[in-house]
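K.L.:
Let's see this in three dimensions:
(one chain, ligands or ions: 2)
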Amino acid sequence: MTKKANNENLMIVIMNHDATTENIQAVVERLTEHGFDIHKSTGAAHTVLGVVGDTASIDPRDYELMEGVSEVVRISEPYKLAGRLFRKEDTIINVKGVEIGAKEIVLMAGPCSVETREGIREAAKFVKASGAKILRGGAFKPRSSPYSFQGLGVEGLKYLREAADENDLIVVSEVMDKSDLPVAMKYIDIIQVGARNMQNYSFLKELGNMPKPILLKRGMSATIKELLMSAEYIMAGGNHEVMLCERGIRTFESYTRNTMDISAIPILKSLSHLPVVADPSHGTGIRDKVAPMARASVAAGADALLIEAHQDPDNALSDGAQSLWPEQLNELVDQLKIIARAVDRTFL
Ligand code: PEP
Ligand code: MN
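P.N.:
Ligands and ions are numbered 1, 2, ... in the order given. Purely as a prediction, here's the structure:
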């Protein structure tokens with residue numbers, strides 16, 4: 001945890017075939033003024049400048065605009081702490097004895113929202129019975145409409161905590177605003193950052209100071225690199241316990257609510273050492289498509305699953321259409337145990 005970020009961030013500048021000696025010199029001088037080491041190679045047609053140093057803060061476009069420059073290419077990724085270069089081994093996040101990122105794949109399940117005290121207690125019971133270790137439930141809900149159920153707020157967090165404690169479960173829940181962090185810290189074990197907040201940089205900076213693991217959801221229009229840069233924001237503040245969550249992205253496809261980007265799972269696993277969580281509930285938005293995408297996620301290398309389940313999904317206050325019935329959750333768990341074995345993992 002005390003390891004320093006690798007500050008070597010390589011970049012190369014490729015000059016045009018007709019770049020003049022003055023053009024090349026101007027680029028070299030500008031880079032040298034900024035403290036970079038330049039390695040110049042002159043080929044038959046092009047001069048290539050290798051830039052060594054911490055180029056993460058450089059905007060390549062500033063150099064692309066210079067006369068005689070053909071292209072500026074980053075060799076190292078701008079995410080230093082979240083990348084495999086910083087840490088080769090997988091990060092394992094231990095939350096009250098539950099390890100996320102280890103050989104065992106972890107199940108996080110529960111309703112979209114905490115609706116009533118009794119409701120979440122009932123949910124916690126069937127979630128526990130399914131074998132899940134972590135109870136989900138939103139108390140602060142980011143709804144597309146201001147007229148939809150907004151969540152019970154702090155009262156919901158209290159109910160969630162009580163239900164989890166009764167069943168020896170860990171709690172994951174979304175916080176949307178930094179003003180809610182102090183109270184949320186009392187009740188939540190893993191702070192969820194919702195898709196809509198993935199690029200709320202002042203909030204991410206705040207989370208960098210929090211002594212709690214963060215489940216960072218991919219924004220619905222965010223690239224994999226942007227997700228990693230958001231993780232970087234939290235890590236740069238000192239909190240290295242970040243889980244990356246694929247929850248579907250917005251595409252031209254309209255059959256599903258979102259397009260579950262299964263390929264993001266192995267890509268994130270190779271680019272980053274952080275645990276990867278798959279959320280096939282928001283990833284599809286359709287109840288009977290959740291299980292196939294959950295199975296695919298485990299096969300693709302997910303370290304944990306985040307699944308919405310409800311004892312009475314037809315009457316849920318949010319996301320009922322993508323929530324599994326308790327029996328469906330149990331059936332899925334049995335299938336995932338088999339798939340996990342095929343990829344040298346265990347499930348529950
Ligand atoms: C949720 O988990 O219920 C949720 C609102 O997720 P997302 O931010 O991915 O839409
Ligand atoms: Mn939901």
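K.L.:
what does this protein have sitting close to ligand 1?
P.N.:
Where the chain comes near ligand 1, counting by CB under 6 Å from any ligand atom, the residues are 112, 138, 142, 194-196, 217, 247, 282. (Each C-beta comes from the backbone N, C-alpha and C, glycine too.)
K.L.:
which one among those gets closest to residue 273?
P.N.:
Using CB to CB, residue 217 comes nearest to residue 273 of those, at 18.8 Å.
K.L.:
Which two of the residues of the chain next to ligand 1 have the greatest separation?
P.N.:
Greatest spatial distance in those: 112 and 196, 14.4 Å, computed using CB to CB.
K.L.:
more neighbours, those two?
P.N.:
The neighbour comparison of residue 112 against residue 196 (other CB atoms under 10 Å) goes to residue 112, with 24 against 15.
K.L.:
Contacts only, for that one.
P.N.:
Each residue near residue 112 by CB atoms under 8 Å, 6 or more residues apart in numbering is listed here: 137-138, 141, 281, 308, 310, 316-320, 322-323.
K.L.:
Closest residue of the stretch 51-200 of the chain to ligand 1?
P.N.:
Per CB to the nearest ligand atom, the residue of the stretch 51-200 of the chain with the smallest distance to ligand 1 is residue 194, at 3.1 Å.
K.L.:
per-residue confidence for that residue?
P.N.:
Model confidence at residue 194, expressed as pLDDT, equals 98.
K.L.:
so it makes contact with residue 176?
P.N.:
Yes. Taking contacts as CB atoms under 8 Å, residue 194 lies within contact range of residue 176: 6.6 Å.
K.L.:
Mutual contacts of the two, please.
P.N.:
Common neighbours of residue 194 and residue 176 (CB under 8 Å, 6+ apart) are residue 142.
K.L.:
Give me the spatial nearest neighbour of the closest residue to ligand 2 within the stretch 201-348 of the chain, chain neighbours excluded.
P.N.:
Residue of the stretch 201-348 of the chain nearest ligand 2, by CB to the ion: residue 319 (3.8 Å). Nearest residue to residue 319 in three dimensions, chain neighbours excluded: residue 112, at 3.7 Å (CB to CB, 6 or more residues apart in numbering).
K.L.:
how much space between that neighbour and residue 164?
P.N.:
In this view, residue 112 and residue 164 are 16 Å apart by CB to CB, to the nearest Å.
K.L.:
And for residue 320?
P.N.:
Residue 320 is 22 Å from residue 164, where distance means CB to CB.
K.L.:
ok, the two, which is more surrounded?
P.N.:
residue 164 (27 against 16).
K.L.:
Can you check my assumption that that one lies in a helix?
P.N.:
Yes. With DSSP: H, G, I helix; E, B strand; the rest coil as the criterion, residue 164 is assigned to a helix.
K.L.:
sorry, back to before: got the phi/psi numbers for the residue nearest to residue 319?
P.N.:
When read as degrees, to the nearest 10, the backbone of residue 112 gives phi -60, psi -50.
K.L.:
Any figure for the gap between it and residue 255?
P.N.:
The gap separating residue 112 from residue 255 is 21 Å, by CB to CB.
K.L.:
How about residue 58?
P.N.:
Counting by CB to CB, the gap from residue 58 to residue 255 is 42 Å.
K.L.:
and residue 148, what does it touch?
P.N.:
Counting by CB under 8 Å, 6+ apart, residue 148 touches 141, 318.
K.L.:
Give the helix, strand or coil label for it.
P.N.:
At residue 148 the chain is in coil, as set by three-state DSSP.
K.L.:
Check it and give its pLDDT.
P.N.:
pLDDT recorded at residue 148 is 95.
K.L.:
Kindly report the same for residue 55.
P.N.:
Value for residue 55, per-residue pLDDT: 87.
K.L.:
Hmm, residue 74 and it touching each other?
P.N.:
Yes. In this structure, residue 55 is within contact of residue 74 by CB under 8 Å, at 7.2 Å.
K.L.:
hey, what's in contact with both of those two?
P.N.:
The contact sets of residue 55 and residue 74 overlap at 9-11 (CB under 8 Å, 6+ apart).
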